[in-house]
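In: take a look and give me a structure for this.
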Amino acid sequence: MIEEALRQAVAARKKDHIALARHSKRPEKNDFDKIFLVRPTLPETAPNPENSECDFFGFRIAAPFFINAMTGGIEEGDSINRSLCKVSEESQIPMAFGSASLVELNPDALGGFIEARKLTNQPVLVNINANTDIKTVKLLIKSLDPIALQIHVNAVQELVMPEGNKDWMWKEKIESIRNAAGIPVIVKEVGFGFDVASIMALAEMGIEAVDVSGKGGTNFCDIENCRREKGDFSYLSECGFSTVQSLLNARFAHELLSLPEKEGISLPDVIASGGVRNPLDVLKSLALGAKWVGISGAFLSTLLGSGEDALMEEIKEWKEQFSGLISLYGQTSTDSCKDIAWICDEELESYARQMARLVSPGEV
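Out: Presented below is the predicted three-dimensional model:
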């Protein structure tokens, strides 16, 4: 009876998330607008679709962005995932399933993920929470053949969530999952960003990638606050770091990991997500040090509002525009985009200086 009640509660929560995400308002402006890329007037390049191609955990993909985790495990979520997998296959970009941790409570939910997985030959990511047991992790990896495993960490969301899990003792659990997974592990926030110390802690564990998922897009504090019958957490709406701030935090972490006492410890690959609205935001993310970029809200809005064909057309347009942008800024590959010079506005520059003082006192 208790397990059935839990299954029903999880299913109801996922339905709420889809409904509220469909109607949630994402800010028109965010910190990507505070970044200015230096464009060469004489770029000496020509657009070429092949310049947008890159490696994704050893798999060649058409562009450095992918469909990030959204939903799954309930009828409406499974339908969304089937559509997203079709779009993934057509567009030749990766696809991340939403959290599959509920398979631990409801093994029948695995079927929906399996049916969606059959619709794409592109790499997929499987998403779980840090409390998922190892047996379920191995079952998901065996059944869905992901190229990497996403572990989401979401303390702010869990605090505001009416039925949230307040056990945030995650480091040992993440390390245990990584040791058992046998595939690369990505640790992912859900819209509140990453600080320097947490990035370094994951680096010391040997985690392969960090998805910073900063504020600026879908806000799960607002979504969970709407689900509450009492107690207002709206004051946490701006909690955390933006995606751009998180990317700057990763740059500071890289500097600290370069110190002699950190020899042998490497910065995980950095994935930018949260508030990515267009191909220029993708390019800015790469210039700031991201290797790949995940998009959820923008693509989900198109899918739910206009359908699969419209999303396929949108991603096709993003790929074409991104290829042009690489060339416009004088680059010939996604790897070289990190060499694009950039400047930021005074507010963001002030943040960067203060953060540098915090993590490297006396050196700034």
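In: the chain: helices as residue ranges?
Out: Assigned by DSSP state H, the chain shows helices spanning 2-23, 75-91, 110-117, 134-144, 155-160, 171-181, 196-205, 220-227, 243-257, 279-287, 297-306, 308-328, 346-359.
In: adding mean neighbour count, write the ones you listed out as TSV.
Out: C-beta here means a position set from N, CA and C on the backbone, and glycine is covered the same way. TSV is the format used below for those (neighbours: other CB atoms under 10 Å):
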stretch	mean neighbour count
helix 2-23	14
helix 75-91	20
helix 110-117	18
helix 134-144	16
helix 155-160	20
helix 171-181	16
helix 196-205	19
helix 220-227	20
helix 243-257	23
helix 279-287	24
helix 297-306	18
helix 308-328	18
helix 346-359	14
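In: so which of the ones you listed comes closest to residue 32?
Out: helix 279-287 (4.6 Å; CB to CB).
In: now the closest one: average pLDDT?
Out: What helix 279-287 shows for mean pLDDT is 98.
In: which residues sit against stretch 160-168?
Out: Stretch 160-168 is contacted from outside by 9, 13, 129, 131, 153, 155, 157-159, 220-221, 224-225, 227-229, 233, 236, using CB atoms under 8 Å, 6 or more residues apart in numbering.
In: mind showing which ranges of the stretch 101-250 of the chain have poor pLDDT?
Out: Of all residues in the stretch 101-250 of the chain, none has pLDDT under 70.
In: nearest to residue 51, of the helices of the chain?
Out: helix 308-328 (5.2 Å).
In: what is that closest one packed up against?
Out: Packing partners of helix 308-328 (3 or more CB pairs under 8 Å, 6 or more residues apart in numbering; DSSP states H and E): helix 75-91, helix 279-287, helix 297-306.
In: reformat these as TSV; add distance to residue 312.
Out: Output for the helices and strands packed on helix 308-328, formatted as TSV (distance: least, CB to CB, whole Å):
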stretch	distance to residue 312
helix 75-91	5
helix 279-287	16
helix 297-306	10
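In: just the CA trace of stretch 203-211, in CSV.
Out: C-alpha atoms of stretch 203-211 as CSV (Å, rounded to 0.1, in the frame of the first residue of the first chain):
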residue,chain,number,x,y,z
ALA,A,203,36.8,16.7,-10.0
GLU,A,204,38.5,15.1,-7.1
MET,A,205,36.0,12.2,-7.4
GLY,A,206,36.9,11.7,-11.0
ILE,A,207,33.5,12.6,-12.3
GLU,A,208,33.6,13.0,-16.1
ALA,A,209,31.3,15.9,-16.6
VAL,A,210,29.3,18.6,-14.8
ASP,A,211,26.1,20.1,-16.2
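In: which outside residues touch it?
Out: 57, 68, 148, 150, 171, 174-175, 178, 184-189, 194, 199, 202, 250, 253, 257, 265-273, 291, 294.
In: next, the contact list for residue 195, please.
Out: Per CB under 8 Å, 6+ apart, neighbours of residue 195: 241, 249.
In: pop out the phi and psi values for it.
Out: Note on residue 195: its backbone torsions stand at phi -90, psi 170 [degrees, to the nearest 10].
In: hang on, the earlier thing: so which of the helices and strands packed on helix 308-328 is nearest residue 101?
Out: Here helix 75-91 is closest among the helices and strands packed on helix 308-328 (CB to CB), at 12.9 Å.
In: that closest one to helix 110-117, inter-axis angle?
Out: 20 degrees (axes from the mean of the first three to the mean of the last three CA atoms, to 10 degrees).
In: by contact count, what packs against helix 75-91?
Out: Against helix 75-91 (3+ CB pairs under 8 Å, 6+ apart) you get helix 2-23, strand 65-67, strand 95-99, helix 110-117, helix 297-306, helix 308-328.
In: could you find the closest non-adjacent residue to residue 324?
Out: residue 47 (4.7 Å; CB to CB, 6 or more residues apart in numbering).
In: now for the one you found, how many residues are close by?
Out: 15 (other CB atoms under 10 Å).
In: quick check: the gap between the residue nearest to residue 65 when sequence neighbours are not counted and residue 269.
Out: For residue 65, ignoring the flanking residues on the chain, the nearest one in space by CB to CB, 6+ apart is residue 293 at 4.3 Å. Distance of residue 293 to residue 269, given as CB to CB, to the nearest Å: 12 Å.
In: what do you get for residue 331?
Out: Taken as CB to CB, the span from residue 331 to residue 269 is 19 Å.
In: how about residue 314?
Out: The value you get for residue 314 to residue 269, if CB to CB is used, is 26 Å.
In: next: residue 199.
Out: 11 Å.
In: one more: residue 53?
Out: Taking CB to CB, one finds residue 53 at 17 Å from residue 269.
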